[in-house]
Structure formats: C-alpha cells, structure tokens
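>>> got a predicted structure here, sequence first:
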Amino acid sequence: MHFFKDSIKLLTVFIAFFCSIIVASQEIPHLETILNQLELDLSECKTDLIVAKVKPDNSEETIVVIPEIVQEDEDYFELNSHILIIETNTGKIKSRYFEGSLTNEWYSDAVRLAEIKIDTAPYLLSEDTRAFGIRVYYYNNSHPNPYSHETISLYFDENNTLKQVLKNFEMMSYGGEVNSECEADLSGVEKVLILKETKTNGYFDILVKSTVKTTTRKEASNGDCIEEKKITNLDQVLKFKNGKYQ
C-alpha cells in the first residue's frame, strides 16, 4: 500500500486515540496530589497530554508526565516537562526530572506536538539498571508536504533522582512531496533499539536498527502510474559516554 495512504490510515487511528487521551488525562489517579507537590494548577498544564503508566516491573510505582504550559496561542504552544515516578497508592513523588522549554524541544507550531507516550519496554542498560522511555509524536496536516516524526528519551531512577541518558532520539520519520495521486516522492525511516552484550563505561551499548523506505510515483507516457520502492537497512551503535548515550 502506498506510503501516503498508510499515513492517512495512521492519522485516522491517531485522531481517535488522541480524543481518548483528553478523557484519560482527567482520570489519572492522585493528579491533584501530584500537582500540589509541583505547585502547579491544572490550568497551567496541557491536560490532553498528561499521561501515566504503572511500572510493569514494580506496581507500587507509576510513571507520570506533566507538561507545563510556558506559552500558548491559537496555533502554538511550548511546554516544560515534568517526568515523575510516584507512589502508586498515594501519589507521593519519589523521583523527578525537570527540563525547561528552551532545551526539551517540546513545542508545537506548524508541526504539531500531538502525543506523549510512556514506553516501558525492558531497556536494561546494565544488570541492575532498567530505563523507561518517553516518546513524543509530531505531525503536520499538509497534503503536498506530509511530515511526521517521533522521538524517544530514556530515563532511569538512581537514588530517587531521575537521570536522562538519551535525549530526543528520532525513532520514526516520514515526509516528502505529493504533487498528485500519481506524482510523489516519499521517504520514511523506522528504528528499533536493541541492547547489546558489549558495554561502554559500565552500560550496555545500544544497537539501532533502521529500516529506510522510499517511494517514488510518476506518470508514464501511456498514462499509467509507475511506482518504485526501495528498502534499505542501516545499523548504528549508541555508546554511553559522558553520562549520555551518543
């Protein structure tokens, strides 16, 4: 199926999911307790982007993301990020990570910041260190120049302090130009993170496996639509240096 048609289907699914988040954000347990500890009012938060998820390896702890509004206009907003681990039963904050809007890249304009997700896949950075991910998804509404991308940041808890060890690493991107139903140049990449057995500075190296897909459509002289597809697989390795994976 064409890249562009696939993107329309994904966008349709996303819109339905996005609407459900608006409701779900209001049902997060202990939300008022959490905000009181942060000295924030609900009106100061981007409520439709608040998310929470119980840690699968420890049900007594829950990961919570509170996006704090720094600036908001009709077609623009920017956010501070509060990444928290709370006690599931009480809402007490056990550890936190804060980053301001000037450096966290949580802003929305022509390319919309549309979704924040908590990724609790087993990112075992060492034998006794398990990280979790925060994924941020962006897209635009342009038919001639469709674009979307998703980033991941990794965090782990050390002595009741959250440490960010991977920042805004691009996991997916899609874009290109669409001139007509039969004239388009589109490309996309999807990435998977795999922990290796080798270590750097005490932490496992991360193998990044990328699948790059390109699609070119053009009209032949007889009026037929000719489509060419190409798939390329690329690997890279992230190593832990100076407190970050790079």
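It's in. Numbering: from 1, shown residues only.
>>> all contacts plus neighbour counts: C-alpha atoms, from now on.
Fine.
>>> so where is the protein shaky, pLDDT-wise?
Along the chain, segments meeting pLDDT under 70 span 1-26.
>>> mind listing the helices for it?
Ranges of helices within the chain are 3-24, 31-38, 101-104, based on DSSP state H.
>>> ramachandran coordinates for residue 88?
Phi and psi for residue 88, reported as degrees, to the nearest 10, are phi -60, psi -40.
>>> residue contacts, it?
Residues near residue 88 by C-alpha atoms under 8 Å, 6 or more residues apart in numbering: 54, 59, 60, 61, 62.
>>> and it, how close does it get to residue 180?
51 Å (C-alpha to C-alpha, to the nearest Å).
>>> swap in residue 63?
Residue 63 is 44 Å from residue 180, by C-alpha to C-alpha.
>>> buried only: go through the contacts of residue 88 for me.
Burial by neighbour count, judged by 16 or more other C-alpha atoms under 10 Å, picks out 54, 61, 62 from those.
>>> between those residues, which is nearest residue 227?
residue 54 (45.0 Å; C-alpha to C-alpha).
>>> nearest to the spatial middle of the chain, which residue is it?
Centrality entry for the chain: nearest residue to the mean C-alpha point is residue 135, 2.0 Å, by C-alpha atoms, centre = their mean.
>>> just checking, it touches residue 114?
No: using C-alpha atoms under 8 Å, residue 135 is not in contact with residue 114, being 10.9 Å away.
>>> which residues touch the residue of the chain most remote from its centre?
The outermost residue of the chain relative to its centre, with distances by C-alpha atoms, centre = their mean, is residue 222 at 43.9 Å. Listed by C-alpha under 8 Å, 6+ apart, residue 222 has no contact partners.
>>> show the residue spans covered by the strands in the chain.
51-55, 58-73, 76-87, 93-99, 107-108, 112-126, 129-139, 147-158, 161-180, 183-200, 203-219, 225-238, 240-241, 244-245 (DSSP state E).
>>> among those, which is nearest residue 35?
Of those, nearest to residue 35 by C-alpha to C-alpha is strand 58-73, at 8.6 Å.
>>> check which helices and strands that closest one sits against.
strand 51-55, strand 76-87 (3 or more C-alpha pairs under 8 Å, 6 or more residues apart in numbering; DSSP states H and E).
>>> just send those strands back as TSV, with distance to residue 131 too.
What follows is these, written out as TSV (distance: least, C-alpha to C-alpha, whole Å):
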stretch	distance to residue 131
strand 51-55	11
strand 76-87	12
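>>> contacts only, for the closest residue to residue 192 other than its chain neighbours.
Leaving aside its sequence neighbours, residue 192 sits nearest to residue 209 (C-alpha to C-alpha, 6 or more residues apart in numbering; 5.3 Å). Counting by C-alpha under 8 Å, 6+ apart, residue 209 touches 191, 192, 193, 194, 233, 234, 235, 236.
>>> between those, which is nearest residue 75?
Distances from residue 75 to the contacts of residue 209, taken by C-alpha to C-alpha, are shortest for residue 191, at 29.8 Å.
>>> so what's the closest residue to that closest one other than its chain neighbours up against?
Excluding the flanking residues, the one nearest residue 191 by C-alpha to C-alpha, 6+ apart is residue 210, at 4.4 Å. By C-alpha under 8 Å, 6+ apart, the contact list for residue 210 reads 189, 190, 191, 192, 233, 234, 235.
>>> then residue 118?
Taking C-alpha under 8 Å, 6+ apart, one finds 51, 52, 53, 63, 132, 133, 134, 135 in contact with residue 118.
>>> hmm, back to that, run through the bridge partners of the residue nearest to residue 192.
residue 192, residue 235 (DSSP bridges).
>>> that one and residue 155, how far apart?
Residue 209 sits 21 Å away from residue 155, going by C-alpha to C-alpha.
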